[in-house]
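# Quick check, what structure comes out for this input:
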Amino acid sequence: MKSLYLRIWLTVIAALALFALASGWLLERHLAQERARADAMLTERLAGWASLVQNSLPARSAPLQTQAEALDEWTRRLHTPLALTDAHGLRIAASRRYQELEAEGRGRPLSVPLDDGRRLSIMRPEPHLLPLRRMPPVQEASAPQRGPEGEWGGPPEREGRMPAPPGQAGADDGGREERPPLPPPGFLLGPAGEWPASLGLVVLLAMLFIAVAAGAYPVVRSLTGRLERLKQGVEAFGAGALAQRVPEEGRDEVATLAISFNQAADRIQTLVQSHQTLLANASHELRSPLARLKMAVSMLEDAPEAMRVSLRQEINVNIRELDALVEEVLLSSRLEAGVAMELDDPVDVLAVLAEEGSRVGAQVEGPSVAVQGSERLLRRALRNLLENACRYGGADILAQVVPQPDGELALRICDRGLGVPPTERERIFEPFYRMAGHAEREGGVGLGLALVRQIARRHGGRVRCEGREGGGSCFVLTLPASRVQADAATA
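Residues are numbered from 1 along each chain as shown. Down below sits the predicted model:
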């Protein structure tokens, strides 16, 4: 089965059905035990009644009318439908109620033999049929209570009065109430208004089954509907719709899963777009040195000897530019992809800054401070900042190591160039971004500052650009206090 909501719903229904079947089986077993116990008690009571009735009945040689009248009298006393048969099984007499139950097929006769060969029978209603109306209080058999002939569970009669003959109810009946008529047959009822006792349990279990099924369906469907929408969103995202997101409904595990998917989709979309931009910009930047190389190589063979020297130098410059571009692209890709790198080496930032600053003639100031990180990455970041200051700011370069009051460490590289407008101070850290006119004058591919930001973030730090008093710009690379080894700092 492919639909999850149907599987969950049918599981609930199956468990409920199993519970209903088990409950019905246990109740039916209990009812069977109760019926057997009632049969045993009735048989025992009937045996006692038989002994009592036998002593009061006329002899079997008495006229049949006399025996019938005596049986009617005991029927009234016991409020029980009775019948009397001879030794050959021929019926001598039977109460009216006994005949009614026998004709309707709604009774089960129980009989006991008498000492003279006759048999006394009592008509008991079927065990699975119960009257809808209330049973009257049981009367003592020793006090002859007169009532309608053979009535099963009929109302008691006043003492000392015999019932009037059929069809003669009047003032002399002592105000005796007639047996109320049975309700007309209806749905699930028998011809006399009774219904099976076990049918009530079946109806109750069926109603419970329907109620649980109807109540569980919308709940299960709501849950699986959210899962289906999540599935559709994942499939759309996997098909290339990187902007696809799923609704974050509810506060349960499904909502948590949707939130996690959206967060992962944001990261993947950003990473893919970054890689696409990086690839497009790298392809664009590769065209210029490759074109120059192609031209220089084509001219090298036919050029005079004096020109060949300059062409070879041009070729070497272009090769170094290509090598630097490929190296920066690869490093940027590794940093963007989060490739694991060792960041626990002790690094003396003042020594690294002094060594790299000497290449561009920078003035280096500050205490010697050791930090935990990657010396290769920190050296690359400082070199990019110093070369950027030399390229755009001239020879007046100041490099400082400045410990902060909160424990952080700031590395400042300042120049005296034209400066960076405030609106451009964030964009210059984007890959391959260069301010207007700078690419034509100073060259470069626009990856240096982007690498500085990536290296700073990999170490848990940050980098920013700010204006320098008196003109120019300052680039501040800040490392967190957790990476500064305070005991290694010296004045």
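
# top helix in the chain by residue count?
Ordering each helix of the chain by length in residues (DSSP state H) puts helix 4-56 first.

# From the contact counts, what lies against it?
Under the contact criterion of 3 or more CB pairs under 8 Å, 6 or more residues apart in numbering; DSSP states H and E, the helices and strands touching helix 4-56 comprise helix 64-78, strand 107-113, strand 119-125, helix 197-238. No exception for glycine: its C-beta is placed from N, CA and C like everyone else's.

# and the angle from the last one to helix 4-56?
Orientation note: helix 197-238 sits at an angle of 170 degrees relative to helix 4-56 (axes from the mean of the first three to the mean of the last three CA atoms, to 10 degrees).

# Now helix 197-238: average pLDDT?
Per-residue pLDDT values across helix 197-238 average out to 77.

# hang on, the earlier thing: and the helices and strands packed on helix 4-56, which is most packed in?
Using mean count of other CB atoms under 10 Å, the stretch among the helices and strands packed on helix 4-56 with the largest mean neighbour count is strand 119-125, at a mean of 21.

# May I ask which helix or strand encompasses Val476?
Secondary-structure assignment from DSSP states H and E places Val476 in strand 473-479.

# Neighbouring strands - and their directions - for that strand?
Pairing partners of strand 473-479, with direction, according to DSSP bridges: strand 409-414 (antiparallel), strand 462-467 (antiparallel).

# pLDDT (mean, whole number) over it?
Confidence over strand 473-479, taken as the mean pLDDT, stands at 94.

# which residues make contact with it from outside it?
Applying CB atoms under 8 Å, 6 or more residues apart in numbering, the set of residues contacting strand 473-479 from outside is 371, 373, 381-382, 385, 388-389, 392-393, 404, 408-415, 417, 419-420, 449, 452, 456, 459-468.

# What of stretch 312-326?
Residues from elsewhere that reach stretch 312-326 (CB under 8 Å, 6+ apart): 282, 285-286, 289-290, 292-293, 296-297, 300, 445, 447.

# Quick one, which of the residues you listed has the minimum pLDDT?
Note: of the contacts of stretch 312-326, the lowest pLDDT belongs to Val445, at 59.

# ok, back up a step: measure how far the strand holding Val476 is from the centre of its chain, please.
Relative to the centre of its chain, strand 473-479 is centred 49 Å away, using CA atoms, centre = their mean, to the nearest Å.

# Highest mean neighbour count out of the strands paired with strand 473-479?
The highest mean neighbour count among the strands paired with strand 473-479 belongs to strand 409-414 (a mean of 24), with neighbours defined as mean count of other CB under 10 Å.

# For the stretch 201-350 of the chain, which segments count as helices?
Listed in chain order, the helices of the stretch 201-350 of the chain (DSSP state H, counting those that start in this stretch) span residues 253-300, 305-337, 349-360.

# What's the mean pLDDT across stretch 95-115?
The pLDDT scores in stretch 95-115 average 81.

# Likewise for stretch 54-63?
This predicted structure assigns stretch 54-63 an average pLDDT of 80.

# re earlier: could you save the helices of the stretch 201-350 of the chain as JSON lines and add columns showing mean neighbour count?
Written out in JSON lines, the entries for these read as follows (neighbours: other CB atoms under 10 Å):
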{"stretch": "helix 253-300", "mean neighbour count": "14"}
{"stretch": "helix 305-337", "mean neighbour count": "14"}
{"stretch": "helix 349-360", "mean neighbour count": "18"}
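
# Quick one: closest of the ones you listed to Glu430.
Of all the helices of the stretch 201-350 of the chain, it is helix 253-300 that lies closest to Glu430, at 8.7 Å by CB to CB.

# could you give the angle of that closest one to helix 197-238?
Using the same axes, to 10 degrees, the inter-axis angle of helix 253-300 relative to helix 197-238 is 20 degrees.

# thinking again about what came up before, including distance to Glu34, could the helices and strands packed on helix 4-56 go into TSV?
TSV is the format used below for the helices and strands packed on helix 4-56 (distance: least, CB to CB, whole Å):
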stretch	distance to Glu34
helix 64-78	22
strand 107-113	15
strand 119-125	14
helix 197-238	10
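
# from the contacts of stretch 312-326, which is closest to Glu327?
When those are compared for distance to Glu327, the smallest value, 9.7 Å, is given by Leu447; criterion: CB to CB.

# Run through the residues that contact the closest one.
Applying CB under 8 Å, 6+ apart, the residues contacting Leu447 are 325, 328-329, 332, 431-432.

# For the residues you listed, which two are the farthest from each other?
In these, the most distant members under the criterion CB to CB are Leu325 and Pro431, with 11.9 Å between them.

# circling back to that earlier point, go through the strands paired with strand 473-479 and name the closest to Leu64.
Relative to Leu64, the nearest member of these by CB to CB is strand 462-467, separated by 120.4 Å.

# residues in contact with the closest one?
By CB under 8 Å, 6+ apart, the surrounding residues in contact with strand 462-467 are 381, 419-420, 422, 425, 428-429, 449, 452-453, 456, 473-478.

# Only the buried members of the residues you listed: can you turn that into a PyMOL selection?
Isolation of the buried members of these (16 or more other CB atoms under 10 Å) is achieved in PyMOL through the command below:
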select buried, resi 381+419+420+425+428+429+449+452+453+456+473+474+475+476+477+478
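
# sorry, back to before: can you convert the helices of the stretch 201-350 of the chain into JSON lines and add a column each for distance to Gly107?
Rendered in JSON lines, the data for these read as follows (distance: least, CB to CB, whole Å):
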{"stretch": "helix 253-300", "distance to Gly107": "61"}
{"stretch": "helix 305-337", "distance to Gly107": "90"}
{"stretch": "helix 349-360", "distance to Gly107": "108"}
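
# quick one: which of the ones you listed is nearest His88?
When these are compared for distance to His88 using CB to CB, the nearest one is helix 253-300, at 81.4 Å.

# and the direction of that closest one versus that of helix 305-337, what angle?
Per the same axes, to 10 degrees, the angle that helix 253-300 makes with helix 305-337 is 170 degrees.

# what stretches of the chain score poorly on pLDDT?
1-7, 125-201, 281, 284-285, 337-339, 436-445, 486-491 (pLDDT under 70).

# just curious, which of the contacts of Leu447 is nearest to Ala40?
Taking CB to CB as the measure, Ala40 sits nearest to Ser332 out of the contacts of Leu447, at 95.0 Å.

# ok, the closest one - contacts?
Residues in contact with Ser332 (CB under 8 Å, 6+ apart) are 278, 431, 447, 450-451, 454.

# how close does it get to Leu449?
Distance check for Ser332 against Leu449: by CB to CB, to the nearest Å, it reads 11 Å.

# again, but for Leu114
Taking CB to CB, one finds Leu114 at 121 Å from Leu449.

# Same question for Leu205.
Per CB to CB, Leu205 is found 76 Å from Leu449.

# CA atoms of the strand holding Val476 as CSV?
These are the backbone C-alpha positions of strand 473-479, laid out as CSV (Å, rounded to 0.1, in the frame of the first residue of the first chain):
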residue,chain,number,x,y,z
SER,A,473,41.6,53.0,3.9
CYS,A,474,42.1,50.6,6.7
PHE,A,475,41.3,46.9,6.5
VAL,A,476,40.8,45.4,10.0
LEU,A,477,41.0,41.6,10.4
THR,A,478,39.7,40.6,13.9
LEU,A,479,40.4,37.2,15.5
